[in-house]
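Peer 1: My questions are about this predicted structure, shown below with the sequence.
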Amino acid sequence: MAKNYTRTTRGKLTNKQLTWKGIWSTSPKSMGKLTNPDKLEENKKLLNVQSMLSGNKLLQHPVKEISLDSIEWNPSYNRGLNNHHLYQIMSNFDLRALGQILVCDVSKEYGGKKAYEIIDGNHRMNACKTLFGLNTRLKVIVLPYMPIEERALVYEMYNDQRKSMSQADLFRAREIQQDEDTLNIRSICKSVGVNIAGVTESSTYPVIKAFNQMYRAYSYGVLAVVLRVIRDAYAEASTVNRETAFGQPMLRSLINLINIYWDDLDFDRLASKLGELSSREWINRVNAVKQSDVNGVMPFVEHYNKNMRSGKLDLAKQYIPIKEFDPVNRVQKLPEK
């Protein structure tokens with residue numbers, strides 16, 4: 001007969017038979033603690049907040065375009081402004097990288113006047129207020145009204161949870177939110193035949209994992225071209241290319257290269273020249289000259305120009321800061337072959 005064990009007060013095991021009846025009959029004091037009404041209610045609130053913030057459910061809350069002057073900050077639970085951090089955001093501000101701002105509808109506490117309390121995004125919101133004015137309207141995620149104790153709990157749990165959220169989690173959440181850029185990125189990747197790690201049903205090669213570079217390429221209008229060039233260059237990918245071809249270092253350099261030389265490149269030639277070396281070798285070459293090559297494109301330019309009599313890329317162009325090539329509305333589609 002198998003032994004059943006229970007722990008003594010010293011943490012040692014005895015062979016006293018343990019049954020459900022025994023638990024309820026011999027531990028009235030400890031069970032009383034478990035069923036404490038106040039504690040039970042507290043845990044119910046905790047479960048509600050966890051459910052509200054869990055992955056996809058967070059983005060099922062309505063997204064509203066509201067005026068910044070209607071968003072309040074509550075210092076009783078939300079951290080204050082760090083001026084250095086605020087300045088950093090403002091000096092490198094990019095609306096495309098703003099991310100989601102989370103607020104709670106607190107109109108009930110303002111006599112029915114439309115009012116919201118910032119849960120996440122205080123520095124980004126204040127950067128927008130300073131740069132664009134109080135009447136600026138932004139799209140934010142709006143949580144339903146809850147008492148201040150629960151708002152503080154949401155603030156704490158959301159910030160803890162966000163630290164552990166993967167880029168794939170955020171991408172899927174943005175899809176549910178119907179974020180236009182994210183939906184377009186998903187569509188472009190599908191049209192090129194490139195999977196997105198942790199998002200698409202398949203994560204087999206070709207697959208992209210560098211989410212930040214994916215959004216960056218899209219913002220420059222070159223995502224489809226970059227993906228197609230890498231896909232064609234490493235169609236029969238070795239193990240090393242499978243690991244690095246769509247990684248951050250390669251993507252960063254190729255995004256810069258294609259952005260700078262958009263009007264000069266023959267994309268088929270670029271794919272062919274790219275495939276002459278492994279992606280690992282390209283990364284090594286870029287790293288070898290990174291002190292003098294701010295955009296990480298020099299090795300690609302030199303190899304592309306090799307044995308060409310005409311149509312060479314202008315060497316001087318590669319040194320111009322990448323921001324000067326930021327396009328307004330570059331077409332997000334594959335170039336015709």
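Peer 2: Done, it's in. Numbering: from 1, shown residues only.
Peer 1: What segments of the stretch 101-250 of the chain are strands?
Peer 2: 102-105, 116-120, 137-143, 195-196, 207-208 (DSSP state E, counting those that start in this stretch).
Peer 1: So what are the sheet partners of the fourth one and their directions?
Peer 2: Taking DSSP bridges as the criterion, strand 195-196 forms sheet pairs with strand 207-208 (parallel).
Peer 1: again with the third one
Peer 2: Partner strands and pairing direction for strand 137-143 (DSSP bridges) are strand 63-67 (antiparallel), strand 102-105 (parallel).
Peer 1: what's the helix or strand for Leu81?
Peer 2: Counting by DSSP states H and E, no helix or strand carries Leu81.
Peer 1: show me what contacts it?
Peer 2: Residues near Leu81 by Cβ atoms under 8 Å, 6 or more residues apart in numbering: Asn122, His123, Asn126. C-beta: built from backbone N, CA, C; applies to glycine.
Peer 1: Ser310: which of those residues is nearest?
Peer 2: When those are ranked by distance to Ser310 (Cβ to Cβ), His123 comes first, at 51.2 Å.
Peer 1: gap between the closest one and Ser191?
Peer 2: 36 Å (Cβ to Cβ, to the nearest Å).
Peer 1: Quick check on these two: which one has the bigger neighbour count.
Peer 2: Under the criterion of other Cβ atoms under 10 Å, the comparison of His123 against Ser191 puts His123 first, with 19 against 13.
Peer 1: check contacts around the more buried one.
Peer 2: Leu81, Asn82, His85, Leu86, Ile89.
Peer 1: coming back round to it: most packed of the strands paired with strand 137-143?
Peer 2: strand 102-105 (a mean of 22; mean count of other Cβ atoms under 10 Å).
Peer 1: Quick one: residues in contact with that one.
Peer 2: 58, 66, 71, 115-121, 140-146, 151, 154, 158.
Peer 1: Please repeat the previous calculation with a cut-off of 10 Å.
Peer 2: Residues from elsewhere that reach strand 102-105 (Cβ atoms under 10 Å, 6 or more residues apart in numbering): 53, 58, 61-62, 64, 66, 70-72, 74, 114-121, 125, 138, 140-146, 148, 150-151, 154-155, 158, 162.
Peer 1: Helices of the stretch 1-150 of the chain, start to end?
Peer 2: Taking DSSP state H, counting those that start in this stretch as the criterion, the stretch 1-150 of the chain contains helices spanning 20-26, 28-34, 37-53, 55-58, 83-91, 122-132, 148-164.
Peer 1: Quick one: mean pLDDT for the second one?
Peer 2: In other words, helix 28-34. Averaged over helix 28-34, pLDDT sits at 39.
Peer 1: same deal with the shortest one?
Peer 2: Mean pLDDT, helix 55-58: 52.
Peer 1: Stretch 295-311 now?
Peer 2: For stretch 295-311, mean pLDDT rounds to 93.
Peer 1: Quick check: buried residues in it?
Peer 2: Asn295, Gly296, Val297, Met298, Pro299, Phe300, Val301, His303, Tyr304 (16 or more other Cβ atoms under 10 Å).
Peer 1: Just the ones of the residues you listed in helices?
Peer 2: Of the positions in the buried residues of stretch 295-311, Met298, Pro299, Phe300, Val301, His303, Tyr304 sit in helices, assigned by DSSP state H.
Peer 1: just these now: which is nearest Leu98?
Peer 2: When these are compared against Leu98 (criterion: Cβ to Cβ), the nearest one is Phe300, at 31.1 Å.
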